[in-house]
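Undergrad: this one's structure only:
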């Protein structure tokens, strides 16, 4: 398990934001942005069908990688709220693509993500 955790893809969500306009260009018919979060350099958007993470790379940020994780590829997930001394909440996703960890900065509601994952996966 320790080796798997070391190989996890990790994202940090810093704050909730309005869904960015440019995400609309990659949404399909019937897909809607529900929650969006500021990441270190860009954003993450939970839609009713998938999680989209836009990641600007390099010094200028002109090179952009977009991750698209359909909820149907999630095998299991866990959420952990922050405690008195712990400043972050965490979401862990075990998917067909591998293990993904999401850290939520203090003040972000991990239960929002819990609800959207449950609605999408358990339907």
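TA: The structure has been received and is ready for your questions. Note that this is a predicted model, so its numbers are computed, not measured.

Undergrad: What ranges does the protein have for its strands?
TA: For the chain, the strands defined by DSSP state E cover 9-13, 15-17, 33-38, 43-47, 50-57, 63-70, 74-80, 89-95, 98-104.

Undergrad: Tell me which of those lies nearest to residue 121.
TA: strand 74-80 (5.7 Å; C-beta to C-beta). Heads up, the C-betas are built off the backbone N, CA and C, glycines and all.

Undergrad: Counting neighbours, which bits of that closest one end up buried?
TA: Within strand 74-80, the residues that count as buried by 16 or more other C-beta atoms under 10 Å are 74, 77, 79.

Undergrad: hey, which of the strands of the chain is tucked in deepest?
TA: When neighbours are counted by mean count of other C-beta atoms under 10 Å, the highest per-stretch mean among the strands of the chain falls to strand 43-47, a mean of 22.

Undergrad: pLDDT weak spots in this structure?
TA: In the prediction, the chain carries residues with pLDDT under 70 at positions 1-7, 61, 83-86.

Undergrad: Kindly list the longest helix within it.
TA: When the chain is parsed with DSSP state H, its longest helix is helix 110-121.

Undergrad: Any buried residues in that helix, and which?
TA: Neighbour-count burial for helix 110-121 [16+ other C-beta under 10 Å]: 110, 112, 113, 114, 116, 117, 120.

Undergrad: just how off-centre is that helix within its chain?
TA: Remark: helix 110-121 is offset 11 Å from the chain centroid, using C-alpha atoms, centre = their mean, to the nearest Å.
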